[in-house]
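>>> Task: produce atomic coordinates for the following.
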Amino acid sequence: MEVQIDSGRCQGHGRCYDIAPGVFGEDVEGYGNVPGDGTVPTGNEREARLAVASCPERAITLIEGA
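All right, here's what the predicted structure looks like:
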């Protein structure tokens with residue numbers, strides 16, 4: 001499973017990194033980012049899905065089976 005954030009849609013609400021800090025990070029301006037290659041660490045799949053569902057701008061893409 002992988003995640004990607006569309007930086008053009010992200011408005012910096014921070015829900016992704018609040019919900020799933022093991023999957024998402026934040027930049028110096030408070031916008032969400034995906035450290036590394038976007039692979040969701042084992043055991044963080046549920047939190048990643050919750051973060052995707054909680055993003056008000058729908059800026060996060062979840063790629064199953066990656």
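>>> For stretch 14-33, list every residue counted as buried.
15-17, 19-20, 23-24, 31-32 (16 or more other Cβ atoms under 10 Å). Yep, even glycine has a C-beta here, placed from its N, CA and C like the rest.
>>> Give me the average confidence score over it.
The average pLDDT within stretch 14-33 is 96.
>>> contact partners of it?
3, 5, 7, 10-12, 34-35, 40-41, 43-44, 47-48, 50-52, 54-56, 59-60 (Cβ atoms under 8 Å, 6 or more residues apart in numbering).
>>> Only the buried subset of those residues, as a PyMOL command please.
Restricted to buried positions by 16+ other Cβ under 10 Å, the PyMOL selection for the contacts of stretch 14-33 reads:
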select buried, resi 3+5+10+34+40+44+47+48+51+52+55+59+60
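>>> Which of the contacts of stretch 14-33 fall within strands?
Secondary structure from DSSP state E places 3, 5, 60 of the contacts of stretch 14-33 in strands.
>>> pretty sure the second one contacts residue 60?
Pointing back at residue 5 there. Yes - counting by Cβ atoms under 8 Å, residue 60 is a contact partner of residue 5 at 5.5 Å.
>>> Tell me the helices and strands packed up against the longest helix anywhere in the chain.
Criterion DSSP state H: the longest helix present in the chain is helix 45-54. Counting contacts by 3 or more Cβ pairs under 8 Å, 6 or more residues apart in numbering; DSSP states H and E, helix 45-54 packs against strand 2-5, helix 15-19, strand 60-63.
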